[in-house]
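Q: Okay, predicted coordinates and the sequence, questions at the end:
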Amino acid sequence: MDKLKLALIGCGGMGTRHLYGLRELARTPFNNIALCALCDLNRDHAELAAREAEQLLGAKPPVFTSMEAMVQAIPDLMAVDVVTDPSVHHTVVCQALDMGLHVLVEKPMAISVKACHAMIAAGERNGRKLSVAENYRRDPSARLTRHLLDTGRIGTPYMAMLHAVRGGNEIFITPWRHLKDRGGPLLDMGVHYADLIRYQLGDVVEVYGDARLVEPVRKKQRAIRDQYAFYQRRFRAMSSEVPATAEDTAMAMMKMESGVTVSFMMGIGGHGACRNQLILGDKGCLQSFGNRGSQAIWQSADGAVRDQDAILDAIDDFELHPLLDHFFPTENSAGDRAVDWKLIAYEQWELARAVLNGDPIEVNGTEGMKDVAAIYAICESARAGRTVTATEIERGEVYAYQAEIDDALGIDT
Ligand SMILES: NC(=O)c1ccc[n+]([C@@H]2O[C@H](COP(=O)([O-])OP(=O)(O)OC[C@H]3O[C@@H](n4cnc5c(N)ncnc54)[C@H](O)[C@@H]3O)[C@@H](O)[C@H]2O)c1
């Protein structure tokens with residue numbers, strides 16, 4: 001089988017997990033990728049990842065600290081998997097596309113809507129593929145939820161709720177995730193939820209939102225659960241507290257093109273917690289949008305509540321994509337400890353199929369931009385003190401909040 005010659009750019013926490021994704025893919029008959037190189041500005045990160053790659057894939061890839069040097073050394077390189085922090089996604093991705101490489105970029109697609117547009121334009125002018133690694137929608141629970149909606153199992157949806165609030169003032173994975181011009185928790189986590197909402201219920205048309213910074217100082221946790229060498233090493237080196245400039249809590253009412261209204265709430269700060277997902281239809285209800293390793297729950301019109309296994313027993317018209325079916329033969333990822341890696345593998349495989357076989361990309365630049373726009377619509381609405389339309393945000397007509405980010409990073413395209 002032809003293989004996509006791919007390099008990983010950004011060898012931090014998620015970059016390491018992308019290597020595990022490649023390992024999962026390599027174990028399947030679907031493998032269509034050859035890892036050729038690793039690149040990170042920080043040589044130590046790249047070297048650590050190269051040792052990890054050797055363990056996982058059986059060969060140690062060469063390491064680079066600049067994309068130019070990497071492309072010069074590997075002239076037949078075809079694509080890059082960009083897993084840097086989001087404040088540089090647009091720089092790295094545009095440079096890669098302009099060098100003729102195809103790109104898979106981690107979510108959030110970029111730090112601002114303007115930066116997303118620059119990436120879409122770079123893909124178009126170079127005739128190269130651009131795919132956004134949005135993993136939650138690829139989970140079997142999200143696929144099944146979407147299938148139940150598409151096949152009318154809950155009739156016509158009219159209202160929905162996605163609430164994901166957890167309190168506390170701990171550092172959320174990395175210090176950069178608390179800085180407005182580096183990412184911010186609303187963007188970092190919020191795009192996952194925006195993408196799930198859009199995947200299940202279609203495009204957003206209007207948003208009224210509020211966004212707050214509840215915890216201006218974040219404290220180092222006592223310990224972290226992630227056992228990857230990279231996460232543990234970084235955790236040991238982390239300051240005991242870091243300043244936060246990005247909002248950590250948001251609430252919004254979203255009006256969807258379909259007419260569904262969505263109550264959205266997310267928070268990583270303050271006190272109190274709640275997690276709730278609900279899609280109400282005139283013939284039933286779904287108690288999930290799907291999520292990595294989660295379960296679809298369906299309440300039918302007769303009141304019966306079925307978990308994912310019971311749903312799969314009750315219906316016979318649901319099929320996963322063959323690679324997802326290979327990864328999750330029970331069509332349920334709950335409890336699968338490799339779910340994170342398998343969903344990444346699916347994203348990597350999809351880019352390779354698109355390049356090698358011309359297959360479509362599910363979350364392309366426009367989709368990734370819409371997810372970013374949906375989250376910034378909340379911050380822009382809060383700043384403007386009014387309801388904003390998705391079109392205003394996607395076209396940059398309401399822009400005061402993001403202007404500060406673009407100015408700070410010199411994004412002017
Ligand atoms: N889909 C998911 O579930 C998920 C989970 C975690 C992270 N992510 C995403 O992955 C991305 C990376 O997050 P992370 O937690 O791994 O961050 P990180 O800080 O751990 O790693 C980022 C790496 O990129 C490197 N880097 C920065 N600028 C670079 C450049 N110009 N060229 C080359 N390397 C550069 C850094 O040195 C670092 O090693 C983010 O977009 C984040 O949102 C996604």
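A: That came in fine, so what should we check first?
Q: Residue 1: neighbour count?
A: Residue 1: 8 surrounding residues under other CB atoms under 10 Å. Placement of C-beta: from N, CA and C, glycine included.
Q: Next up, the contacts around the residue nearest to it when sequence neighbours are not counted.
A: Residue nearest to residue 1 in three dimensions, not counting chain neighbours: residue 32, with 5.9 Å by CB to CB, 6 or more residues apart in numbering. Taking CB atoms under 8 Å, 6 or more residues apart in numbering, we find residue 32 in contact with 1, 2, 3, 4, 25, 349, 352, 353, 356.
Q: So which residues on this protein come close to the ligand?
A: By CB under 6 Å from any ligand atom, the residues of the chain that approach the ligand are 9-15, 39-42, 45, 83-86, 88, 92, 106-107, 135, 173-174, 188.
Q: which residues touch residue 295?
A: Listed by CB under 8 Å, 6+ apart, the contact set of residue 295 reads 141, 288, 307, 308, 332, 334.
Q: Now it: phi and psi?
A: Main-chain torsions, residue 295, degrees, to the nearest 10: phi -130, psi 140.
Q: And the next helix or strand past the helix or strand encompassing residue 117?
A: In the assignment (DSSP states H and E), residue 117 maps to helix 113-126. Counting by DSSP H and E, the next helix or strand C-terminal to helix 113-126 is strand 130-133.
Q: helices or strands next to that following strand in the packing?
A: The contact analysis (3 or more CB pairs under 8 Å, 6 or more residues apart in numbering; DSSP states H and E) places strand 130-133 against strand 102-106, helix 113-126, helix 339-357, helix 365-384.
Q: next structured bit after it?
A: Following strand 130-133 in sequence order, the next helix or strand is helix 140-150 (DSSP H and E).
Q: list the buried ones in that following helix?
A: Neighbour counts over helix 140-150 (16 or more other CB atoms under 10 Å) mark 140, 141, 142, 143, 144, 145, 146, 147, 148, 149 as buried.
Q: Quickly name whichever of these is closest to residue 180.
A: Residue 180 lies nearest to residue 142 out of the buried residues of helix 140-150, by CB to CB, at 29.2 Å.
Q: For the closest residue to that closest one other than its chain neighbours, report the pLDDT, please.
A: Among residues not flanking residue 142 along the chain, residue 290 sits closest, at 2.6 Å (CB to CB, 6+ apart). pLDDT for residue 290: 95.
Q: same question, the one 10 residues further on
A: pLDDT, residue 300: 95.
Q: Return the set of residues that bridge with it.
A: Taking DSSP bridges, one obtains residue 284 as the residues bridged to residue 300.
Q: what's near enough to touch it?
A: Shown in contact with residue 300 (CB under 8 Å, 6+ apart): 153, 154, 283, 284, 306.
Q: Residue 3 too?
A: 31, 32, 33, 34, 352.
Q: and the residue in the chain that the ligand sits nearest to, what does it touch?
A: Here the residue of the chain nearest the ligand is residue 12; by CB to the nearest ligand atom that distance is 1.9 Å. Residue 12 sits next to 40, 45, 83, 84, 85, 174, 230, 234 when contact means CB under 8 Å, 6+ apart.
Q: Swap in 6 Å and give it another go.
A: Applying CB atoms under 6 Å, 6 or more residues apart in numbering to residue 12 gives the contacts residue 45.
Q: helix, strand or coil for residue 266?
A: strand (DSSP: H, G, I helix; E, B strand; the rest coil).
Q: ok, it touching residue 166?
A: No. The criterion here is CB atoms under 6 Å, and residue 266 misses it with residue 166 at 9.0 Å.
Q: Which one's more surrounded, these two?
A: Of the pair residue 266 and residue 166, residue 266 is the one with more neighbours under other CB under 10 Å, namely 24 against 16.
Q: what is the more buried one paired to in the beta sheet?
A: On the basis of DSSP bridges, residue 266 is bridged to residue 164, residue 250.
Q: so how far is residue 185 from it?
A: For residue 266, the distance to residue 185 equals 8 Å [CB to CB, to the nearest Å].
Q: helix/strand/coil for the residue sitting furthest away from the middle of the chain?
A: For the chain, the residue at maximal distance from the C-alpha centroid (CA atoms, centre = their mean) is residue 302, at 35.8 Å. Of the three states, residue 302 takes coil according to three-state DSSP.
Q: Flag every buried residue along the helix holding residue 117.
A: Within helix 113-126, the residues scored as buried using 16+ other CB under 10 Å are 113, 114, 115, 116, 117, 118, 119, 120, 122, 123, 126.
Q: contact partners of stretch 352-361?
A: 2, 4, 32, 33, 102, 129, 131.
Q: hmm, which two among these are most spread apart?
A: Put simply, by CB to CB the two of these set farthest apart are 2 and 131, 18.0 Å from each other.
Q: neighbour count winner among those two?
A: residue 131 (27 against 10).
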